[in-house]
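K.L.:
sequence plus the predicted model coming up.
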Amino acid sequence: MTLSATKSATETMSERRHLHHEADVVVVGAGVFGCAIAFALASQGRSVILLERWMKEPDRIVGELLQPGGVAALRKLGLGKCLEGIDAVRVDGYDVIYYGKEVMIPYPYSADEKAKAKQEERERQRPKGWSFHHGRFIRKLREACAAEPNITIFETTVKNTVKGEFGDQVLGVVTETADQYTGLKKADYFFGSLTIIADGYASIFRKEYIGKTPIVKSKFYGLELIDCVLPAPNHGHVLLGDGAPVLLYQIGTHETRALIDIPDNLPTATTAMGGVKGHIKNVVIPSLPESTRPSFIEALENGKLRSMPNSWLPPTTQKMSGVVVLGDAMNMRHPLTGGGMTVAFNDVITLSSLLSPERVPDLSDTVKVKQVMKEFHWQRKNLSSIINILAQALYALFAANDGQLRALQRGCFEYFLKGGNCVDGPAGLLAGIIQQPFVLFYHFFSVALLAIWLVLSSTMGSILGIWKLPYAIIQSILVFWKACVVIFPYIFSEIRP
Ligand SMILES: Cc1cc2nc3c(=O)[nH]c(=O)nc-3n(C[C@H](O)[C@H](O)[C@H](O)COP(=O)(O)OP(=O)(O)OC[C@H]3O[C@@H](n4cnc5c(N)ncnc54)[C@H](O)[C@@H]3O)c2cc1C
C-alpha cells in the first residue's frame, strides 16, 4: 500500500460513523447544548455522531439573548464566529421599567478589567451580550459542527436507547429515519461508548433517566414586533407593573421580540375576558411605553402569537452507565433572565474538560465517567446555581401576586435605583460574569432588608405614626418570611447531591 493510500485516523473514524454508525460519542439533539458538546469533544479528537430530527432552520421564540457569560463561553469553545453574519444585536444591559419609572442596569466590568482599562477603552471592554433570531444562531452552530471532520450529522428521530443484553448499560440509540425520496420511515441504530442526550425541554428520556417532571406555572407568549422604537436601544427591557413581567429586546435590525408572561389561571386571561389576547389588550398594552405600542398592536393584530412553557427543573446527578442527560433535558429555570444558553455553554466547557482524553482515555470506562459526572454536578454550580436561583427568585418578585411579594418587588427596584454595587452586583450575576453564589445571597437579602425598611417607613409615615409600629413590625416579619420562602427551596434544590 502506498503512503497516499493509507487511511488517516480521521478518515477511518469517519468511515466507521458513516458505514457502521459507530463513534466514541453519540449526541442526541443538535440544539444549543448538543451542537456545543459535539464540537467541543470532536475538537479533542473524539469521533462524534450528532443526531437531529429536523435539520431545517428552527423557528422558535426561545434562546434569543445570550448573556456576556455565555458569549465568553462560546468564544472559549471556538464557536464565537456563530454570532457573526446573523444580524445579531449588541446588548449592553437592561432597562427595568417599574410602573413607568426607569432604571438602567448596564453589565458591569469585571474587577480586572476595571483596573487595567484606560478611560477611553472602558466602553469597548464592557462585557456585551448578543441577541438574535434563535434559528439563525442554531444554523451557525450546526454549520460549525458539519465543518468539523470528527463529526457526522444524521437527520433522524431518536426513539429509544439501546441497552446491553446483561445489565442497564446504554450502548447507543435506535432512531427512525425518513427515506428522502419515499418519506417512508425505517429504523436505524447508532452506537457510541457514551451517549449524550440533549433533546431539550420536552425530552422523551427524562422520565427514564432523570425521574423528575418539570414544574410549569406560567407560559411566555411571544410576538415579533417590526421597527419597534425601544426606550433604550441595545438593552433588554423588563416591564413591571400590575401584571406579570413583559420582556422586550431586539433580535435583528428591524425585529424586536416581546415575551409576555401569563401565569396559570390568570383572572384577566380567562375565556370570559377574551383569553390571552384579551389580557394583552386590556392589561399589557396600556402599561407599555408609548413608543412601543404601535408596533406591538400591529404584531398582535397581524403577527403570530406563540407560546412556550416556562419550566423549573432542578439539576440531577447522573449515575447511569453509558448515557448522560444534559441541557434543558436535565436542568431548566424560568427564562426571565435569559440564562439557559449561558448555562449550556458553560456546562459544555466544564464537562469537556473533565472528559478530556488525558483524564478519560476511554469513554466506555463507565466507572470513570460516573466519577466525572459527580464532579461535573458540583463544579457547574458556581454558575448554574446562580442562574437557576436568580431566575426563579426574580420571577417570584417580578410576577408578585401578594402584598409581601409586591413589597419585595418595590424593594428590588429601589435597590437598583441606588446604583453602584446595587446595580453592578445583580447585573454581574445575571450576566453570568460573577460566579460566586454567596454574592447572590448577599444581594437578595439586601433587597429584602431594603423592602422591610420601605414597609416600616411607609406604614408609620413619620415619627407621629409610631403607634403603628406593632403593625409595621408584623408586616416586616411577613416580608422577611416571604423572602426566605422564595429563595430557600431553590437553594436547597441546588445543594442536594
Ligand atoms: C420562552 C423561552 C425563552 C428563552 N429565552 C432564552 C434566552 O433569551 N436566552 C437563553 O440563554 N436561554 C433562553 N431560553 C432557554 C434556552 O432556549 C434553552 O436553555 C436552550 O435552548 C437549551 O438547549 P438544549 O440544547 O438543551 O435544547 P434545545 O436547544 O431545545 O435543543 C434540543 C434539540 O434536540 C432536538 N430533538 C428533540 N427530540 C429529538 C429526538 N427525539 N431526536 C432527535 N433530535 C431531537 C430538537 O429538534 C432540538 O434541535 C428560553 C427558554 C424559553 C422557554
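P.N.:
Received the coordinates, thanks.

K.L.:
so where's the protein shaky on pLDDT?
P.N.:
Residue ranges of the chain with pLDDT under 70: 1-5, 110-124, 462-464.

K.L.:
enumerate the residues of it near the ligand.
P.N.:
With CB under 6 Å from any ligand atom as the criterion, the chain comes near the ligand at residues 28-34, 51-54, 61-66, 157-158, 198-201, 204, 220, 308, 310, 327-329, 335, 338-342, 344. Any C-beta I mention is one placed from the backbone N, CA and C, and that applies to glycine too.

K.L.:
show me the helices in the stretch 301-450 of the chain, by range?
P.N.:
Using DSSP state H, counting those that start in this stretch, the helices of the stretch 301-450 of the chain run over residues 340-354, 366-379, 381-398, 403-417, 421-431, 437-460.

K.L.:
adding mean neighbour count, write these out as JSON lines.
P.N.:
Converted to JSON lines, these look like this (neighbours: other CB atoms under 10 Å):
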{"stretch": "helix 340-354", "mean neighbour count": "24"}
{"stretch": "helix 366-379", "mean neighbour count": "17"}
{"stretch": "helix 381-398", "mean neighbour count": "24"}
{"stretch": "helix 403-417", "mean neighbour count": "21"}
{"stretch": "helix 421-431", "mean neighbour count": "23"}
{"stretch": "helix 437-460", "mean neighbour count": "18"}
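
K.L.:
ok so, going back, only whichever of the residues of the chain next to the ligand are buried, select them in ChimeraX.
P.N.:
The following ChimeraX line selects those of these that are buried, judged by 16 or more other CB atoms under 10 Å:
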select :28,29,30,31,32,33,34,51,52,53,61,62,63,64,65,66,157,158,198,199,200,201,220,308,310,327,328,329,335,338,339,340,341,342,344
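
K.L.:
show me the residues of the chain next to the ligand that map onto strands.
P.N.:
Among those, DSSP state E puts 28, 51, 52, 65, 66, 157, 158, 220, 308, 310 in strands.

K.L.:
if I read this right, the second one contacts residue 159, doesn't it?
P.N.:
No - contact criterion CB atoms under 8 Å: residue 51 and residue 159 do not qualify, at 10.7 Å.

K.L.:
which positions are bridged to residue 308 in the beta structure?
P.N.:
residue 220 (DSSP bridges).

K.L.:
contact partners for it?
P.N.:
60, 61, 62, 201, 219, 220, 222, 335 (CB atoms under 8 Å, 6 or more residues apart in numbering).

K.L.:
number of nearby residues for the fifth one?
P.N.:
Burial of residue 219, expressed as a neighbour count using other CB atoms under 10 Å, amounts to 20.

K.L.:
wait, it sits on residue 309?
P.N.:
Yes - counting by CB under 8 Å, residue 309 is a contact partner of residue 219 at 5.4 Å.

K.L.:
which residues of the stretch 1-150 of the chain fall in strands?
P.N.:
22-28, 48-52, 65-66, 89-91, 93-98, 101-106, 129-131 (DSSP state E, counting those that start in this stretch).

K.L.:
of the ones you listed, which approaches residue 233 most closely?
P.N.:
strand 89-91 (8.6 Å; CB to CB).

K.L.:
by contact count, what packs against the closest one?
P.N.:
strand 129-131, strand 246-250 (3 or more CB pairs under 8 Å, 6 or more residues apart in numbering; DSSP states H and E).

K.L.:
which elements pack onto the first one?
P.N.:
Applying 3+ CB pairs under 8 Å, 6+ apart, one finds that strand 129-131 contacts strand 65-66, helix 68-76, strand 89-91.

K.L.:
related to what we said a few turns ago, of all the ones in strands among the residues of the chain next to the ligand, which comes closest to residue 20?
P.N.:
After measuring those against residue 20 - CB to CB - the closest member comes out as residue 51, at 15.1 Å.

K.L.:
ok, now how distant is that closest one from residue 67?
P.N.:
28 Å (CB to CB, to the nearest Å).

K.L.:
related to what we said a few turns ago, out of the helices and strands packed on strand 89-91, nearest to residue 42?
P.N.:
strand 129-131 (24.0 Å).

K.L.:
contact partners of the closest one?
P.N.:
Contacts of strand 129-131 (CB under 8 Å, 6+ apart): 64-68, 70-71, 83, 88-92, 107, 236, 249-251, 257, 338, 431.

K.L.:
just the buried members of these?
P.N.:
Judged by 16+ other CB under 10 Å, buried ones among those: 64-68, 70-71, 83, 88-89, 91-92, 107, 236, 249-251, 257, 338, 431.
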